[in-house]
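**Q** here is a sequence with its predicted model. Questions after.
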Amino acid sequence: MFLSWLHDLDASILYPVIAVLVVGAGEVGNRIGLRHSKTRVDESHISTVTGAALGLLALLLAFSFSIALSRYDLRRTMVLEEANAIGSTANFALMLPVETQPPILRLLRDYTTVRIGLGIPHDPTKLARDVARSVGLQSQLWQHAVTLSNVAPQSLPVYRFVGSLNEMNNIHERRLSGLRNQVPAEVVSVLIGVSMMAMGFTGFQGGVAGARRRIIKLIIAATIALMVMLVVDLDRPSRGLTVVPVQPLIEALQGIPS
């Protein structure tokens, strides 16, 4: 239940929550350390634990950032490939008999319009509606392709049009997969937890050493929180600050003859 809530939480709420948790963990750790600053505490042992926690955090951050960035690049690549496939399908449609071109080009324009807004803004209901609309337009395009194949089965333009239409459909599935596959909420939860633990130990170490000026550790904590938020933001293509550009699809739409 908590992981589902974390995954669906709006960015305007999630990002401040992450910052408060990480920065707050460092501050709490520092206050606890200050209470033990006058007692005999093995600082070398604390330094070892703090170093291990920060090392684990660095590993998790690198791992999570790599996953999020690779998936962002995949989504961006899928948009470009889909735009190219739609453009190729439109070009091959222009090689078909003149009387069959207008309805096919109209369907391609409608399809591209739907694909431009796919998953934006974040709304599961809208996404399902866009997917259903995309599949419906694909079915209509395939009906035209079947009719053309029956009329002229040996036609090279028809063969190329069908092949390009098939590639456009395949990219549809790959792009949907890219939108739906995200960094698991379990990984994000562990990342936030380890960030809090590492900053808690860092603050505790500074407190034991009697460091009352905590501005440096607060800056470090805020930087770690920012990195965690960047990982989350990269993996939220339709509801974060880092959005996947759809300009290639817009240009493909503009290139389809009316």
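**A** Yep, that arrived.
**Q** CA only for contacts and neighbour counts going forward, please
**A** Fine.
**Q** what sits against residue 131?
**A** Going by C-alpha atoms under 8 Å, 6 or more residues apart in numbering, residue 131 touches residue 118.
**Q** what about it, distance to residue 121?
**A** As judged by C-alpha to C-alpha, to the nearest Å, residue 131 and residue 121 stand 14 Å apart.
**Q** now residue 193
**A** Taking C-alpha to C-alpha as the measure, residue 193 falls 29 Å from residue 121.
**Q** more neighbours, these two?
**A** residue 193 (16 against 13; other C-alpha atoms under 10 Å).
**Q** centre of the chain versus the helix or strand harbouring that one, how much separation?
**A** Using DSSP states H and E, the element containing residue 193 is helix 185-208. A distance of 24 Å separates the centroid of the chain from that of helix 185-208, by C-alpha atoms, centre = their mean, to the nearest Å.
**Q** elements contacting the next helix-or-strand element following it?
**A** Toward the C-terminus, helix 185-208 is succeeded by helix 215-234 as the next helix or strand (DSSP H and E). Helices and strands touching helix 215-234, by 3 or more C-alpha pairs under 8 Å, 6 or more residues apart in numbering; DSSP states H and E, are helix 11-35, helix 43-93, helix 185-208.
**Q** shaky segments in this structure?
**A** Counting by pLDDT under 70, the ranges of the chain that qualify are 1-11, 37-43, 210-214, 238-240.
**Q** again, only this time at 80
**A** 1-15, 33-47, 119, 121-124, 180-188, 206-218, 221-222, 235-242, 258 (pLDDT under 80).
**Q** centre-most residue in it?
**A** Compute the mean C-alpha point of the chain, and by C-alpha atoms, centre = their mean the closest residue is residue 235, 2.8 Å away.
**Q** name the nearest residue to that one, ignoring sequence neighbours.
**A** Using C-alpha to C-alpha, 6 or more residues apart in numbering and skipping residues adjacent in sequence, the residue nearest residue 235 is residue 68, 5.3 Å away.
**Q** returning to what we had before: which strands and helices sit next to the helix holding residue 193?
**A** Contacts defined by 3+ C-alpha pairs under 8 Å, 6+ apart place helix 185-208 against helix 2-8, helix 11-35, helix 43-93, helix 215-234.
**Q** right, and these - which one's nearest residue 163?
**A** Checking the helices and strands packed on helix 185-208 against residue 163 by C-alpha to C-alpha gives helix 43-93 as the closest, at 8.6 Å.
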